[in-house]
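Peer 1: Give me the fold of what follows.
(chains A, B and C)
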Amino acid sequence: MNKLILIDGNSIIYRAFFAMPPLTSSSGVHTNAVYGFTNMLLRLLQEEQPSHILVAFDAGKETFRHEGYQDYKGGREKTPPELSEQFPLMRELLESFGIAWFELPGFEADDIIGTISKQGEEAGVDVLVVTGDKDMLQLVSDRVKVALTRKGISEVEPYGIKEIEDKYGLRPEQIIDLKGLMGDASDNIPGVPGIGEKTALKLLHQFGSVEEVLARTDELKGKMKENLVNHAEDARMSKQLATIFREVPVERSWEEMAFSGVLEEQAAQMLRKLEFKSLLERLSFAPHQDVEQAGGSALEEVQVTVIDDQTIHQLVEVLPEVQNVVVESHGENPHHAVLMGVVLSTEEEHFYLAPEVLHSDVAKPVIDWLGDKNKPKRGYDLHRADLTLYWQGIEFGGAEHDIQLAAYLLDPTNNDQTVSGLAAKYGIGAVAADEEVYGKGAKFKVPDQALLSQHLARKSAALLQILPLQKQELEQVEMNRLFYELEMPLSIILAEMEKQGVAVNRGTLMELGAEFEAQISSLIARIYDIAGLEFNLNSPKQLGEVLFDKLQLPVIKKTKTGYSTDAEVLEKLAPYHDIVQYILEYRQLAKLQSTYVEGLLKEIRPETGKVHTYFRQTITATGRLSSQFPNLQNIPIRLEEGRKIRQAFVPSEEGWFMLSADYSQIELRVLAHISGDNGLQEAFLHDMDIHTKTAMKVFGVAADQVDGNMRRSAKAVNFGIVYGISDYGLSQNLNITRREAARFIDQYFDAFQGVRTYMDEIVKEAKRDGYVKTLLERRRYLPEINASNFNLRSFAERTAMNTPIQGTAADIIKLAMIMMDEVLRERKLKSRMLLQVHDELVFEVPPEELELMTTLVPETMERALQLSVPLKAEVSSGANWYDAK
DNA sequence: GCTATCACG
DNA sequence: ACGTACGTGATAGCA
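Peer 2: Okay, the predicted model is just below:
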C-alpha cells in the first residue's frame, strides 16, 4: 500500500453539476454531474496511480453538527432534482469501476475523510484528499495533501503544508480559526460580522488562533474590536462547526479500499448505459498499464515529422488530407507576434515546419495551400494565426472551423480556452500547458526543436480529437448556424479590418498633446500651491492624504485600501474646496494625455502610419467584441476636450472621407422585440424619442409637459432596465433615495407591463435551464442563478435580464458586418470597413462613393435582422472621425 | 500582479 | 438584511 485517494463525493458531484452544461441520455436522464465526476476520476486514476481509493458521501439530513446549531447549512437551496437523480447513478458507476464508496448516517463526507486520512497517516501511507471544499485544508500534514478543484472541476490544485503557508501564511490547523472568524455563507456559519478573509488573516498572523484573538481584544480598537467582543461566542461556535471530526466509527478495512485497476468489462457496460462514448475510449488508461513504456510519464509520445528539403515531399503528398493547423506564436499582440513554428496534421501524421523552413523555397506548395481560400482549414485561434502569418508576408485563407472560437460559443464564460484546458475538459490525454513548456514572463524560452515540435504535435493531436466532439455539441445546442454562418465568416472579416488598420495623424495628436501638456503643468502648479506641498497627484493614496488628512475634507466613500478619490467623490467635495475642481480637471487631462495621446502614438506603426487594433472575438460573456493594442472602442467622445482625439483618425488615402453609422437605441429596440411590450413597440413604430415617451408613460403626462429633469430620469430608468434593474443601482445613478428609485421602477413596470413579464420570465427560464440565450441562440450559462448567496444570485439575475438584450444587439451588428462585407464585394466598392464600436461601424470612403455609402450603410444595418420594430441607423461623414458626427 | 481610476457602448 | 447597476481595456502606483 502506498497511495490512498479519498474523494469528497458530494462536493465533487455538486461542482460537476454546476460546472458542466446540461447533458441527458437519450432516455432523458440527467447525466452531466456523473460525466464530470467520471472524467475527473479517470484522470485522477491515470495520473496518481493510487493503490487504494474511497469515495465518501454525506448521508441523511441531520448530522451531529445540527445538535449544537440548528441553522447549520440553513438557507441552502435544496438540491435540484436534476442532480438528485444522479446520485444513484454515481454509486452504480463506482461499483462498476470497482471503487469503494461509503456513507454513515449522522456524519458528513468531511468527517469520514478526516477519520480515514488520519488512519492512513498513522499507517504511513501517502494520502490525497480530493474536494472542492477549502475547509478540508485543515487535514493537510506531511503525509496528507488536499487537491482542491479549480474552475469547475477540470483542474485540481494540490495543497501541502508549503502551499498553504504560501497562500495564507497559516499552518493547516489554523484553517478552522480562519473559518471561525470569517464564517462561511454557504454553510450558514456566522463567523464575526465585518470580518472577511483579509481581516481574518491579519488577525491570525498577529494572534495565531481564535482563542488568542478573543483573549487579547484589548490590543485592538474600533468597530472590529466591538464586533469581536460581541460575537465571541459566534466565533468559538463557528470554529467548532468548521472543525472536522476525525473519530468517526468507520469500519472499513484497507482491503475494501484496495484498487488495482478498473473492472473493464463492467465499467464499459456502465459507460455505454450512460452513453459516455468519449470516456469509453479512455478506460484503458486507468489500470496500471504502459507506465514503463512511457518512461513513467503519463503523456503519450506523438510521432512528428520535421520538415526539411528531404521530408517536404511527404507533406506535399498529403496536403489535401491535412485536418488541422497549429500556428504557434509568441507575444500577446498578434500584429507583433513572433512566429515559433507551424504543425500541419492529417488523421495519422504530424508535420512540423520551423519558421525558416516556411520561408524557404521548399515550402512553396505549403504556402500556396495555406493561402488558398478554397482549401478549408480547421485549427486553433485561426484569427491570430492569420495575423501572425500576415506580418511574415504569408497569406492565410479558408478558415472553416476554429476550435477556440467554437469553444467560446459553447461556453463564453469559460476563461480557460487554452488547448491544454480544452483537452482536459474533453478528457483527452494530457497536453502540457504552454507555460510549462515555455516558461512565462521574462523566463520565456523557446525549447529545442525536438521538444517544441513534440509539444505542437500534441496540441494538434488533441485538437483532432476535440473537433468531432465539438461539432456534435454545436449541433446539440443548435449553434451550427451561429458558428458557421456568423462567427467564422466574421473572424475573417475582422482580420481584414485589422490588417487594413486606421490611419492616425501623428501631427494632430502631438499638437493636442502640447495643448494638454500646457494645461496640465499649470494645473499641477496651482494644485501644489493650494495644497502647500508637492506630491504625486497620480497616486490616489497621496492624494487621499492631502484631501482628507491635511485639508480635512469629509470622507465620502472608502475603498478596500483607503480613501476613495474617484470622480464621483470629487464632485461631491467640490463645494468644500477650490483644489478639488483643479484635481478633476487634472485627472481628465492626464487621462487624455497618457492613454490617448502618448498611448496612441506608441501604437502607430512607423511603416504604415496606422494603428492596427486586434478585435477579440472570444472574450466577452455577452457576444460583443473587444478591442486591444490599442483599444479603439473607447476613444473619447462625451466631453469636447477628449473628443478632439478623434480628429487624429483620418482616411488612409488623400481626399477620402471617414463615414460612421450607428444604431439608434438598438438595445431598447431589441427589448421591445423580445418582450413584446405594446407601449415600447408603439414608441419605436412611430420613431418617437424613447426617453420622452418613457417619461410620459411613467409620469403620466403629455409630451409637452416632459421637462428636462423628467426626461433625464426616464433615460436613467431605461438604462437600468437594460442592465437588469435594481432600486439601489438606479438610486446611485440618479442620486436619489432608494425609495424614490423603487417607486420609479414600479411606475415603469406599470407603464410597460410587457417588460415586467419578460424580466420575470427570463429569470425563471434561467433558473430552470441554467442559461439564457440571444435571438441567434448564443448562450451564457449562469451557474450562480440558484446560489444561496444573495449577492451571487442577484448578480446572476441581473445578468439573465441583460445578456439576451446586449447579446442580441451584438448578434445584430455582427450580421450587419457580414452583410456589409458582402455588399462591398458584390458592388466592387473601394470603401473599407475599419472599426466596430458595439453599435457603430466606421468606414473610409472615396469621394465618388460617399453618396452611395451614405444610404447603403444605414440601409444594410437596418435590414440585418427583421424584428417586430424597425431598426434605425444614423450616418454621418467628414474629413476625420471627429467630423463624422 | 493587484488596485484604483476612467475612457467607451 | 444582504449591497450592485451591464459589458470591456489602458494606465499609473505600489507591494
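
Peer 1: who are the neighbours in contact with A:Asp111?
Peer 2: For A:Asp111, the contact set (Cβ atoms under 8 Å, 6 or more residues apart in numbering) comprises A:244-246, A:248. C-beta coordinates here come from the backbone N, C-alpha and C atoms, glycine included.

Peer 1: The same query, at a cut-off of 6 Å, please.
Peer 2: When contacts are counted by Cβ atoms under 6 Å, 6 or more residues apart in numbering, A:Asp111 touches A:244-245, A:248.

Peer 1: And A:Gly679, by the same measure?
Peer 2: Residues in contact with A:Gly679 (Cβ under 6 Å, 6+ apart) are A:Phe752.

Peer 1: That one looks like it's in a helix, true?
Peer 2: Yes. According to DSSP: H, G, I helix; E, B strand; the rest coil, A:Gly679 belongs to a helix.

Peer 1: And it, how close does it get to DNA strand B?
Peer 2: As judged by Cβ to the nearest atom of the strand, to the nearest Å, A:Gly679 and DNA strand B stand 24 Å apart.

Peer 1: residues near A:Ser594, how many?
Peer 2: For A:Ser594, the number of neighbouring residues by other Cβ atoms under 10 Å comes to 12.

Peer 1: Would you mind naming what in the stretch 651-800 of chain A lies close to DNA strand B?
Peer 2: Where the stretch 651-800 of chain A comes near DNA strand B, counting by Cβ under 7 Å from any atom of the strand, the residues are A:Asp662.

Peer 1: Where do the strands of the stretch 651-800 of chain A begin and end?
Peer 2: Assigned by DSSP state E, counting those that start in this stretch, the strands in the stretch 651-800 of chain A fall at A:657-663, A:771-773, A:779-781.

Peer 1: that older thread, type out the ChimeraX command that picks the buried ones from the contacts of A:Asp111.
Peer 2: With 16 or more other Cβ atoms under 10 Å as the criterion, this ChimeraX line picks the buried residues out of the contacts of A:Asp111:
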select /A:244,248
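
Peer 1: Would you mind telling me which of the strands of the stretch 651-800 of chain A is nearest DNA strand C?
Peer 2: Nearest to DNA strand C, of all the strands of the stretch 651-800 of chain A, is strand A:779-781, at 8.1 Å by Cβ to the nearest atom of the strand.

Peer 1: returning to what we had before: which ones among the contacts of A:Asp111 map onto strands?
Peer 2: Using DSSP state E, no member of the contacts of A:Asp111 falls in strands.

Peer 1: Including pLDDT and distance to DNA strand C, could the contacts of A:Asp111 go into TSV?
Peer 2: Formatted as TSV, the contacts of A:Asp111 follow (pLDDT from 0 to 100; distance: Cβ to the nearest atom of the strand, whole Å):
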residue	pLDDT	distance to DNA strand C
A:Ile244	85	27
A:Phe245	84	29
A:Val248	83	33
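
Peer 1: coming back round to it: output the strands of the stretch 651-800 of chain A as CSV; include the columns mean neighbour count, mean pLDDT and distance to A:Leu410.
Peer 2: Output for these, formatted as CSV (neighbours: other Cβ atoms under 10 Å; pLDDT from 0 to 100; distance: least, Cβ to Cβ, whole Å):
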stretch, mean neighbour count, mean pLDDT, distance to A:Leu410
strand A:657-663, 23, 98, 28
strand A:771-773, 21, 97, 11
strand A:779-781, 23, 96, 8
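
Peer 1: want to throw these into TSV with distance to A:Glu122?
Peer 2: Rendered in TSV, the data for these read as follows (distance: least, Cβ to Cβ, whole Å):
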stretch	distance to A:Glu122
strand A:657-663	69
strand A:771-773	47
strand A:779-781	44
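
Peer 1: Any chance of JSON lines for these, columns distance to DNA strand C?
Peer 2: Below are the strands of the stretch 651-800 of chain A laid out as JSON lines (distance: least, Cβ to the nearest atom of the strand, whole Å):
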{"stretch": "strand A:657-663", "distance to DNA strand C": "14"}
{"stretch": "strand A:771-773", "distance to DNA strand C": "11"}
{"stretch": "strand A:779-781", "distance to DNA strand C": "8"}
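
Peer 1: quick one: contacts for the nearest residue to A:Tyr758 once chain neighbours are set aside?
Peer 2: For A:Tyr758, ignoring the flanking residues on the chain, the nearest one in space by Cβ to Cβ, 6 or more residues apart in numbering is A:Ser675 at 3.6 Å. By Cβ under 6 Å, 6+ apart, the contact set of A:Ser675 is A:754-755, A:758.

Peer 1: so A:Leu4 touches A:Glu121, yeah?
Peer 2: No. The criterion here is Cβ atoms under 6 Å, and A:Leu4 misses it with A:Glu121 at 9.3 Å.

Peer 1: okay, the two: which has more neighbours?
Peer 2: A:Leu4 (27 against 17).

Peer 1: Which strand residues bridge the more buried one?
Peer 2: Here A:Leu4 shows beta-bridge partners A:His52, A:Val127, assigned using DSSP bridges.

Peer 1: and it, how far is that from DNA strand C?
Peer 2: 39 Å.

Peer 1: check contacts around that residue.
Peer 2: So A:Leu4 contacts A:52, A:120, A:125, A:127 (Cβ under 6 Å, 6+ apart).

Peer 1: want to throw these into a markdown table with distance to DNA strand B and pLDDT?
Peer 2: Below are the contacts of A:Leu4 laid out as a markdown table (distance: Cβ to the nearest atom of the strand, whole Å; pLDDT from 0 to 100):
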| residue | distance to DNA strand B | pLDDT |
| --- | --- | --- |
| A:His52 | 36 | 86 |
| A:Gly120 | 34 | 82 |
| A:Val125 | 35 | 85 |
| A:Val127 | 30 | 88 |
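
Peer 1: Which residue ranges of the stretch 301-450 of chain A form helices?
Peer 2: For the stretch 301-450 of chain A, helices defined by DSSP state H, counting those that start in this stretch occupy the ranges A:312-318, A:355-359, A:364-371, A:382-390, A:403-410, A:419-425, A:434-438, A:449-476.

Peer 1: pLDDT of the second one, averaged?
Peer 2: The one in question is helix A:355-359. What helix A:355-359 shows for mean pLDDT is 98.

Peer 1: For stretch A:754-771, give me every contacting residue.
Peer 2: Stretch A:754-771 is contacted from outside by A:675-677, A:749, A:772, A:779, A:781-782, A:785-786, A:797, A:800-801, using Cβ under 6 Å, 6+ apart.

Peer 1: again with stretch A:141-154
Peer 2: Contacts of stretch A:141-154 (Cβ under 6 Å, 6+ apart): A:15-16, A:19, A:36, A:40, A:117, A:121, A:126-130, A:132, A:136-137, A:140, A:156-160, A:424-425.

Peer 1: One more: stretch A:246-261?
Peer 2: The set of residues external to stretch A:246-261 that reach it, using Cβ under 6 Å, 6+ apart, is A:50, A:52-54, A:100, A:107, A:111-112, A:114-115, A:118, A:287.

Peer 1: Could you check how far the closest residue to A:Lys560 other than its chain neighbours is from A:Phe790?
Peer 2: Leaving aside its chain neighbours, A:Lys560 sits nearest to A:Lys198 (7.8 Å; criterion: Cβ to Cβ, 6+ apart). Counting by Cβ to Cβ, to the nearest Å, the gap from A:Lys198 to A:Phe790 is 21 Å.

Peer 1: Strands - which of the contacts of stretch A:246-261 land there?
Peer 2: Mapping the contacts of stretch A:246-261 onto strands (DSSP E) picks out A:52-54, A:100.

Peer 1: now, which of those sits nearest A:Gln617?
Peer 2: A:Gln617 lies nearest to A:Ile53 out of the ones in strands among the contacts of stretch A:246-261, by Cβ to Cβ, at 42.4 Å.

Peer 1: Could you check how many residues crowd around that closest one?
Peer 2: Around A:Ile53 there are 25 residues (other Cβ under 10 Å).

Peer 1: And A:Asp687, by the same measure?
Peer 2: Applying other Cβ under 10 Å, I find that A:Asp687 has 12 neighbouring residues.
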